[in-house]
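J.: test case, fold it:
(one chain, ligands or ions: 2)
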Amino acid sequence: MKLEHTALLLLSLPAASLASGSCTNPSEKLPMCSSAPPPSQRLRKEVNDLSSFEWDAVVEAIWTTKNTTLADGRERYGDTYKTYDYFVLQHAVATQDSRGDQGHFSDAFITFHAALLLSFEQNLRLVDPDVALPYWAAQANGDIYTEDLVGSVPGTGEGNTVVDGAFANWPVTTDMDWESDWAGYIQDVEGATNGYSGGGTPGSMRGADNFLSASTLTRFGSPWSYSIDLQDKCLAESCWAEWYGDCIEGEFHSGAHTGIGGDGSGGAEGDFKDVVTSPNDPVFWFHHANIDRNRMLWTAGKGEEDKAAFYGYGGALDKDACQMKGYCPAGGIELTDTISALWPFDAAADLGVETVGEGGRWAVHADVICALAPDTAAYAYQEPQQIS
Ligand SMILES: *[C@@H]1O[C@H](CO)[C@@H](O)[C@H](O)[C@H]1NC(C)=O
Ligand SMILES: [Cu+2]
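T.: Ligands and ions are numbered 1, 2, ... in the order given. Now for the predicted structure:
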């Protein structure tokens, strides 16, 4: 079954009415983790709050991961260095798991993306230890589509390619050799096979249904922002299913992808709209960091009882969060399951956390809720200073 970001906008589920302080975890009982608070937390700031020096450092580090090969990067930055495309494909494989999407349209959306962002940020910090991933609060008075920031939407180059901004002419890989360069990252997972090996045009690092063939970042859509009321509404939601399924999905998350990415002709989707490879557009990181910030804000507002119930994270039993009834993946999204096991996160090396998962290596969903909590993560979000 193919799900698109668009499809989700059309859905509106009836809001379940659970009183606050009453989240239960329907999938399993787990002891709450005992992660110690970190000695200090680096600050993830709103893009408009970075000094130009800080923003330039972020941009430079992102470009460096795009431009530096795996071999050169390992030599310069150490054995855990990854190229930018590694993260694009880790995301792609999550979406094409034979059990169903391991990163979208279920409770696992938040945990998968929080892990992906942290791994990406840690990789940037190998290149430049002073950077932290910024977020984009996406309010109308915080315009990001500028020459200084992420450039125009729609793209103003030929075929709506993005030719201005910090990521002007950003390369999207169109000569990928999946078998020789990437297939080796796929793990053996019982009951799961990988369905990703490339895009709609041969060699393209895009989704199989996307016939966009441009070799640089393309945006067909229009500027997108949300009203702060939407954020407030989400923060007031009770438990995981209501918060994610009824509030964060739809306008908040998919609205940006669909609105900015847009559609071209002949089956071409803008890069940010392609649910398989949307990290091809660097705005991905800033948008998803804002969603992760909302996770932090929302959980910080909850009591100990809800925390002990993992805020009602319900995995496959959480039919409200599995937006399309009957869509839930056939496995992989319970608290103690490895996050996107076909191409997983190494808890220590990629995320800097200890996992409660079996075997002690791959991060599980519970780790995000425990070890990447407001008081346990190595990072925290600074509230927006410039925009409201
Ligand atoms: C990366 O390569 C692009 C050309 O594709 C170039 O414009 C940019 O300056 C390079 N940046 C870094 C940090 O290597
Ligand atoms: Cu995604």
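
J.: so which residues on the stretch 101-250 of the chain come close to ligand 1?
T.: Residues of the stretch 101-250 of the chain lying close to ligand 1 by Cβ under 6 Å from any ligand atom are residue 171. C-beta here means a position set from N, CA and C on the backbone, and glycine is covered the same way.

J.: which parts of the stretch 101-250 of the chain are helices?
T.: Secondary structure of the stretch 101-250 of the chain (DSSP state H, counting those that start in this stretch): helices at 108-127, 228-235, 240.

J.: most packed of these?
T.: helix 240 (a mean of 28; mean count of other Cβ atoms under 10 Å).

J.: just send the helices of the stretch 101-250 of the chain back as CSV, with mean pLDDT too.
T.: Output for the helices of the stretch 101-250 of the chain, formatted as CSV (pLDDT from 0 to 100):
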stretch, mean pLDDT
helix 108-127, 98
helix 228-235, 92
helix 240, 90
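
J.: could these be laid out in JSON lines, adding distance to residue 58?
T.: Listed next are the helices of the stretch 101-250 of the chain as JSON lines, based on distance: least, Cβ to Cβ, whole Å:
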{"stretch": "helix 108-127", "distance to residue 58": "7"}
{"stretch": "helix 228-235", "distance to residue 58": "23"}
{"stretch": "helix 240", "distance to residue 58": "31"}
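
J.: contacting residues for the residue of the stretch 251-388 of the chain found nearest ligand 1?
T.: Ligand 1 sits closest to residue 282 of the stretch 251-388 of the chain, with a gap of 12.6 Å, by Cβ to the nearest ligand atom. Counting by Cβ atoms under 8 Å, 6 or more residues apart in numbering, residue 282 makes contact with 62, 150, 166, 167, 170, 217.

J.: switch to 10 Å and redo it
T.: With contact taken as Cβ atoms under 10 Å, 6 or more residues apart in numbering, residue 282 is in contact with 58-59, 62-63, 66, 84, 150-151, 162, 165-167, 170, 217, 271-272.

J.: ok, residue 106 next?
T.: 100, 112, 241, 244-245, 249, 314-316, 318-319, 321-323, 327-329, 332-333.

J.: next: residue 149.
T.: Going by Cβ under 10 Å, 6+ apart, the list of residues near residue 149 reads 47-48, 50, 55, 59, 134, 136, 142-143, 165-167, 283, 286.

J.: and the one residue in the stretch 101-250 of the chain that gets nearest to ligand 1, bridged to which residues?
T.: Per Cβ to the nearest ligand atom, residue 171 is where the stretch 101-250 of the chain lies closest to ligand 1, at 5.8 Å. For residue 171, the beta-bridge assignment (DSSP bridges) gives partners residue 216.

J.: so it sits right up against residue 216, yeah?
T.: Yes: judged on Cβ atoms under 10 Å, residue 171 makes contact with residue 216 at a distance of 5.9 Å.

J.: do you know how far the residue lying closest to residue 120 once chain neighbours are set aside is from residue 118?
T.: Leaving aside its sequence neighbours, residue 120 sits nearest to residue 87 (Cβ to Cβ, 6 or more residues apart in numbering; 5.2 Å). Distance of residue 87 to residue 118, computed by Cβ to Cβ, to the nearest Å: 11 Å.

J.: could you do residue 222 as well?
T.: Distance from residue 222 to residue 118, by Cβ to Cβ: 31 Å.

J.: could you do residue 288 as well?
T.: 11 Å.

J.: common neighbours of the two, please.
T.: By Cβ under 10 Å, 6+ apart, the residues touching both residue 288 and residue 118 are residue 133.

J.: what sits closest to the residue most central in space within the chain if chain neighbours are left out?
T.: In the chain, the centroid-proximal residue (Cα atoms, centre = their mean) is residue 113; its distance is 3.3 Å. Distances taken as Cβ to Cβ, 6+ apart put residue 288 closest to residue 113, at 5.1 Å, once the chain neighbours are dropped.

J.: ok, then the element right after the helix-or-strand element of the chain with minimal mean pLDDT?
T.: Using mean pLDDT, DSSP states H and E, the weakest-scoring helix or strand in the chain turns out to be helix 5-9, at a mean of 47. Counting by DSSP states H and E, the next helix or strand C-terminal to helix 5-9 is strand 42-44.

J.: before we move on, back to that, can you turn the buried part of the contacts of residue 149 into a PyMOL selection?
T.: In PyMOL syntax, the buried subset of those is picked out as below (16 or more other Cβ atoms under 10 Å):
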select buried, resi 47+48+50+55+59+134+136+142+165+166+167+283+286
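
J.: low-confidence ranges, the stretch 1-150 of the chain, go.
T.: Along the stretch 1-150 of the chain, segments meeting pLDDT under 70 span 1-21, 26-29, 32-33.

J.: repeat the analysis, applying 90 as the threshold.
T.: 1-38, 138-143 (pLDDT under 90).

J.: what's around residue 179, how many residues?
T.: Residues lying near residue 179 (other Cβ atoms under 10 Å) number 10.

J.: oh, I was asking about residue 68
T.: 18.

J.: quick one: residues contacting it.
T.: 74, 75, 76, 77, 81, 83, 84, 127.

J.: between those, which is nearest residue 179?
T.: Nearest to residue 179, judged by Cβ to Cβ, of the contacts of residue 68 is residue 83 at 17.0 Å.
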